[in-house]
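Visitor: this is a predicted model, with the sequence first.
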Amino acid sequence: MRVRRVSAHLLHHVVAAVLLMAVLTGLATSSTPSSAAATAVPICSYGQLEVAAVVPNGADYAAGNVGIPFIIVNVGDSACKLVGYPKLHFSPSTYKKSIVKVENGGAMIFRSVKPRTVIIKPGADASFGLDYGDAYDQQDPSGTPCMTQSATVSLPVRSQPYAMGFDMNVTFNFCFAGFRVFVTSIEAGPVPRRG
C-alpha cells in the first residue's frame, strides 16, 4: 500500500474546522446536488485530496464516548465527487488475539448518515467522523500495548493500479474502546453531523 503523509497545506482547513466545531452545536449543513450535476462530475482521484484528523476538543467527548472528525480537502484544480464510507486501518490494532473492528455508521458523537454523493469543489472540504467508547475493557493496559499510533485512511476514489492511503497520527486506547469503532459516511462540509 502506498501511503502519503498529510502536508502543511491542510493547516488552515483544520484550524477552520476546529473553530467551526467550537461554534456549532450539532448543526452541520450539506448540499445534495442534482443527479445530472453529480453524474457530470468525475470521482475524485487520490492526488486531488488531502486528509487530516482533527484533534478532539471538549465538544468531541460525551458520557464515555469520543469522536474524532476527519477533514478531506480537494487540493486539485477541478471539482470531484466521493460517495460511501472511508476504510480505516490502525497500527497497532491487536491485543491478546483481539483486533479492532471498524463498523460503518454513527454512534454517540457523530450521527449515522446514509451515504450520498458529495461534490467537493477545488479548495472545499468534506468530512467523516470516527466514534469510539473509552470505558470498556479497562482491565486491559492503559499504555502502549493497547494504544494505536497511526491510522491509514482509504477513500472511495477512482481506481488506481495499486492501493493508496493517507497515513496520519491517531492515538487512542483500542482496548478501552472494546476493540470496536464506528465510522460515518463521507459528508459535505468540514464537520460531520453530530448525534
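Guide: Thanks, I have the structure now.
Visitor: low-confidence ranges in this structure?
Guide: 1-38, 57-59, 61, 137, 163 (pLDDT under 70).
Visitor: could you rerun that using 80?
Guide: Low-confidence segments of the chain (pLDDT under 80): 1-39, 55-63, 135-143, 160-163, 195.
Visitor: would you mark the buried spots in stretch 94-111?
Guide: Within stretch 94-111, the residues scored as buried using 16 or more other Cβ atoms under 10 Å are 95, 98, 100, 102, 106-111. C-beta coordinates here come from the backbone N, C-alpha and C atoms, glycine included.
Visitor: what's the most distant pair in the residues you listed?
Guide: Tyr95 and Arg111 (29.6 Å; Cβ to Cβ).
Visitor: excluding chain neighbours, what is closest to Lys101?
Guide: Nearest residue to Lys101 in three dimensions, chain neighbours excluded: Arg180, at 5.2 Å (Cβ to Cβ, 6 or more residues apart in numbering).
Visitor: wait, the one you found sits on Asp131?
Guide: No - in this structure Arg180 lies outside contact range of Asp131 using Cβ atoms under 8 Å: 9.8 Å.
Visitor: the two: which has the busier surroundings?
Guide: Asp131 (27 against 16; other Cβ atoms under 10 Å).
Visitor: in this structure the more buried one contacts Ile109, no?
Guide: Yes - with contact defined as Cβ under 8 Å, Asp131 counts as touching Ile109 (4.9 Å).
Visitor: common neighbours of the two, please.
Guide: 65-67 (Cβ atoms under 8 Å, 6 or more residues apart in numbering).
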